[in-house]
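Asks: after the sequence you'll find the predicted model.
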Amino acid sequence: MSTLIKFDNVTIFQEERPVVGGLNVEIKKGEFLYLLGKTGSGKSSFLKTIYGDLPLNSGTGIVCGYSLNNLKAAQIPYLRRKLGIVFQDFQLLSDRSVYENLRFVMKATGWGEEAKIKERVIDVLKKVSLEGKENKMPHELSGGEQQRVSIARALVNDPEIILADEPTGNLDPETSEEILKLLKQLSESGRAVLLATHDMMVYNKYKSRTLTFEDAKVTETN
């Protein structure tokens, strides 16, 4: 199994304040990993470091072959193509259809040919069980369907890693479970999935390797 993320003795800073210290972690292809901890415990800062939104100034970090230590601004878009990011609040463009939401991301990451864009959009919508919904507007969809669209958007570039930051935070328990099952399936297809949550009901249903963020430290359990 190939290593996708490796952090050695990393301290993560938020506005010069250390939020996580002494972080050592290795994440391989196909792994499903929970990030647990209260709001402000460093989970989101860890994810932001992975996708190049927070600089890594202490320790060493490698993500999908990119060194985070001397990551140049020009490399960040290429790193992010290997990552799919799913947010709690969906972050869909409310004035565009499902199709146009996905197309917008694809155009921004270098897709040019409309026929290929169309083919890929139909393919990822099928993967998240939203066939035939491409012309719907976000407000016409349920919360669970909107989150599926954001997962489809995360999949368009066939990423090696999915980073999901509280993806069930705005959903009811039944829908949360559906989203969790979908993320589990994505890890079984060979991607690494990192799921930040404080939804213990979701967590207790499907136990998996866990990083717990507390008091600026991270502890690991399997």
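Replies: Structure's in. What do you need? None of these values were measured; they are calculated from a predicted model.

Asks: buried ones in the lowest-mean-pLDDT helix or strand in the chain?
Replies: Within the chain, no helix or strand scores below helix 200-205, which has a mean of 86 by mean pLDDT, DSSP states H and E. If you call a residue buried by 16 or more other C-beta atoms under 10 Å, then helix 200-205 has these buried ones: 202-203. C-beta here means a position set from N, CA and C on the backbone, and glycine is covered the same way.

Asks: list the helices and strands it packs on?
Replies: helix 173-188 (3 or more C-beta pairs under 8 Å, 6 or more residues apart in numbering; DSSP states H and E).

Asks: mind telling me what element the most centrally placed residue in the chain is part of?
Replies: In the chain, the residue lying closest to the centroid (C-alpha atoms, centre = their mean) is Leu163, at 1.7 Å. Element membership of Leu163 [criterion: DSSP states H and E] is strand 161-165.

Asks: can you check Ser58 too?
Replies: Per DSSP H and E, Ser58 falls between elements, in no helix or strand.

Asks: how about it, nearest residue that isn't a chain neighbour?
Replies: Leaving out its chain neighbours, the residue that sits closest to Ser58 by C-beta to C-beta, 6 or more residues apart in numbering is Thr11, at 4.0 Å.

Asks: ditto for Ser142
Replies: Once flanking residues are discounted, Ser142 sits nearest to Thr175: 7.5 Å by C-beta to C-beta, 6+ apart.

Asks: same question for Ser41.
Replies: If the residues on either side of it in the chain are set aside, Ser41 comes closest to Phe213, at 3.9 Å by C-beta to C-beta, 6+ apart.

Asks: test my guess that the one you found contacts Val20.
Replies: Yes. The pair Phe213 / Val20 is scored as a contact, 6.6 Å apart, by C-beta atoms under 8 Å.

Asks: quick revisit: please name the bridge partners of the residue nearest to the centre of the chain.
Replies: With DSSP bridges as the criterion, Leu163 is bridged to Ile85, Leu194.

Asks: please parse this protein into its domains.
Replies: Using automatic domain parsing, the domains assigned to the chain come out as 1-82+159-222, 92-158.

Asks: who touches both of Phe213 and Val20?
Replies: Residues touching both Phe213 and Val20 by C-beta atoms under 8 Å, 6 or more residues apart in numbering: 42, 46.

Asks: can you pull the contacts of Glu220?
Replies: Taking C-beta under 8 Å, 6+ apart, we find Glu220 in contact with 25, 209-212.
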